[in-house]
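Visitor: Okay, sequence plus prediction incoming.
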Amino acid sequence: VRVYQKDSKGGILFAGEDRIDHTPKGEEVSIHIGNAFDVVAEHKQTDYKHVDTHTWEFEYEVTLRNHKDAPIVVQVNEPIGGDWEMLSSSYKYTKTAAFAAQFNVPVAKDGTAVLKYRVRAKW
C-alpha cells in the first residue's frame, strides 16, 4: 500500500508505504506508513498517590509540539492498568479497551498543546 498526500502547494507528496498480509473480508487492516519527524511528544508522570491498599492515583502530562506548516490532530493512546477511572483530563477521552484511553489533541501549526489527565486505578 502506498499513501500520498497533498503538500502546501497542492502537489502530490509521497507519505509512506507498508505491506499487508492476507486479511479476511470485513476485517480491519492497520498500516504503518512512517514516523512524523516534525511532530514531537514528551510524556511524563507528574504525580503519584497511594490512596489505600489496592488503590493508586496517577497524573500524567503529554506535551505535543507541531513543527508542520498546518494544524494537526494527534491521536494519543495511553495504556492504563487495573480497574481504572478517569478523574480529570484536559481533553475528551474515549475508553478504547479495558486497559486503554485515547485522546484526540488538536495542535496548532508551529504550536504546542499539553494533555493533562489524572487516573485512579485499583488492583
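Guide: All right, it came through fine. Numbers count the residues shown, from 1 in each chain.

Visitor: use CA for all of it now, contacts and neighbours both
Guide: Will do.

Visitor: quick one: average pLDDT of the longest strand seen in the chain?
Guide: Counting by DSSP state E, the longest strand found in the chain is strand 39-52. Across strand 39-52, pLDDT averages out at 96.

Visitor: Contacts for it, please.
Guide: Outside strand 39-52, the residues that touch it by C-alpha atoms under 8 Å, 6 or more residues apart in numbering are 56-68.

Visitor: Out of these, which end up buried?
Guide: 56-62, 64-68 (16 or more other C-alpha atoms under 10 Å).

Visitor: Looking at the residues you listed, spot the one nearest E85.
Guide: Using C-alpha to C-alpha, E57 is the member of the buried ones among the contacts of strand 39-52 that lies nearest E85, at 9.6 Å.

Visitor: Next step: the buried ones among the contacts of strand 39-52 restricted to strands.
Guide: 56-62, 64-66.

Visitor: can you put those in a markdown table and add distance to P24 and pLDDT?
Guide: Formatted as a markdown table, these follow (distance: C-alpha to C-alpha, whole Å; pLDDT from 0 to 100):
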| residue | distance to P24 | pLDDT |
| --- | --- | --- |
| W56 | 42 | 96 |
| E57 | 41 | 97 |
| F58 | 40 | 97 |
| E59 | 40 | 98 |
| Y60 | 38 | 98 |
| E61 | 39 | 98 |
| V62 | 36 | 98 |
| L64 | 36 | 97 |
| R65 | 38 | 97 |
| N66 | 37 | 96 |
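
Visitor: for those residues, which one is nearest A36?
Guide: Distance ranking of these against A36, using C-alpha to C-alpha, places N66 first at 9.7 Å.

Visitor: Would you check how far apart the residue most central in space within the chain and A15 are?
Guide: In the chain, the residue lying closest to the centroid (C-alpha atoms, centre = their mean) is V76, at 1.1 Å. Here V76 is placed at a distance of 20 Å from A15 (C-alpha to C-alpha, to the nearest Å).

Visitor: quick revisit: what angle separates the longest strand of the chain from strand 55-66?
Guide: Here strand 39-52 runs at an angle of 170 degrees relative to strand 55-66 (axes from the mean of the first three to the mean of the last three C-alpha atoms, to 10 degrees).
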